[in-house]
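1. I would like the atomic coordinates for the input below:
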Amino acid sequence: MNTILKLLEPLIGQQVHIGEHRATVIEIHDDPPALILRAENSPDAFQVDYLGRPRSMAQPTWTQPITADSGRSLHPDLQRQLPLETARALDDFIKSQHS
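-> Predicted coordinates:
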């Protein structure tokens, strides 16, 4: 397992706040590093099939990059919520990718 996955894996199941949204981490991606989040306290949304036809109701999900808009540091909302060691390790990893 690569370094970024080792750092992100413990976040699965954790609740985070991104902007005005509260969400639960349900999956992680390594390339590019991102969290797959399930919205909490939001109305269900229609889930559609491959033709765009509504099939079921589901909680909204989205992919949240772990980087800030610049792509050179950890997202500020995550910096404030993650354990200090994890936040530092992720920030160091992101910076090492741009050296």
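
2. list the buried residues in the longest strand along the chain.
-> As assigned by DSSP state E, the longest strand anywhere in the chain is strand 21-30. Residues of strand 21-30 classed as buried by neighbour count (16 or more other CB atoms under 10 Å): H21, A23, T24, V25, I28. Just so you know, the C-beta spots here come from the backbone N, C-alpha and C atoms, and that holds for glycine as well.

3. and the next helix or strand after that strand, how far from the chain's centre?
-> Later in the chain than strand 21-30, the nearest helix or strand by DSSP states H and E is strand 33-39. In this view, strand 33-39 has its centroid 3 Å away from the chain centroid, taken as CA atoms, centre = their mean, to the nearest Å.

4. who are the packing partners of strand 33-39?
-> Under the contact definition 3 or more CB pairs under 8 Å, 6 or more residues apart in numbering; DSSP states H and E, strand 33-39 sits against helix 3-8, strand 15-18, strand 21-30, strand 61-65, helix 84-96.
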